[in-house]
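Trainee: Predicted model, plus sequence, below.
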Amino acid sequence: MRRDISRLLFLLALFGSFACSTLFPPTNTIPEDISDAVITLERTACFGFCPDYTVTIYGDGRVVYFGNDFVAEMGERTYTIPTDDVLWLVESFYDIGFFDLDDRYVESATDLPSTTISMTIEGETKSIYLYGMNLPKDLVELTKRVDEVANTKELIGR
């Protein structure tokens with residue numbers, strides 16, 4: 001009798017986990033097709049000489065950079081990066097649960113640049129505004145990855 005109840009509970013648990021996983025897929029599942037992905041990083045000026053630019057990375061590997069102020073390359077530049085790099089970046093967004101994070105991380109500070117990072121994929125858009133020094137480490141690292149993948153170092157001159 002005990003064995004039958006144990007088997008029944010096991011089967012119910014197994015069925016329950018299968019049913020939930022098929023009816024309600026996790027929100028952090030990376031889409032198979034990232035061709036519609038759009039990732040944008042905007043860094044604003046400060047009261048000093050902070051680089052002011054925007055870089056947008058598309059799922060097909062196209063990158064559009066626009067230097068506003070305090071950068072080596074002013075204006076628009078368009079170039080291409082490998083789609084494998086874009087996939088790695090999209091995976092990085094999902095790894096930190098980007099779509100589940102707060103929309104703003106702001107601490108009381110002045111004279112600092114702000115950063116906005118966003119991603120649109122499969123019709124869903126999430127944008128996060130960052131301002132201050134004690135920001136979530138995962139988000140700060142993600143902004144650095146966007147710069148790394150987009151190769152902005154030479155364009156901003158730093």
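Mentor: Received, thanks.

Trainee: next one: phi and psi at the closest residue to E107 other than its chain neighbours?
Mentor: Leaving out its chain neighbours, the residue that sits closest to E107 by CB to CB, 6 or more residues apart in numbering is G132, at 3.3 Å. C-beta coordinates here come from the backbone N, C-alpha and C atoms, glycine included. The phi/psi pair for G132 (degrees, to the nearest 10) reads phi 130, psi -170.

Trainee: From E42, how far off is G132?
Mentor: 16 Å (CB to CB, to the nearest Å).

Trainee: Can you give me the end-to-end span of stretch 48-55?
Mentor: In terms of CA to CA, to the nearest Å, the two terminal residues of stretch 48-55 are separated by 21 Å.

Trainee: can you tell me which helix or strand the residue positioned nearest the centre of the chain belongs to?
Mentor: A centroid search over the chain (CA atoms, centre = their mean) returns F93, at 3.8 Å, as the residue closest to the centre. Assigned by DSSP states H and E, F93 belongs to helix 83-95.

Trainee: other SSEs contacting that helix?
Mentor: Applying 3 or more CB pairs under 8 Å, 6 or more residues apart in numbering; DSSP states H and E, one finds that helix 83-95 makes contact with strand 38-43, strand 52-58, strand 114-121, helix 137-150.

Trainee: Can you point out the buried residues in the helix or strand where L155 lies?
Mentor: Taking DSSP H and E as the criterion, L155 maps to helix 153-156. Buried residues in helix 153-156, counted by 16 or more other CB atoms under 10 Å: 155-156.
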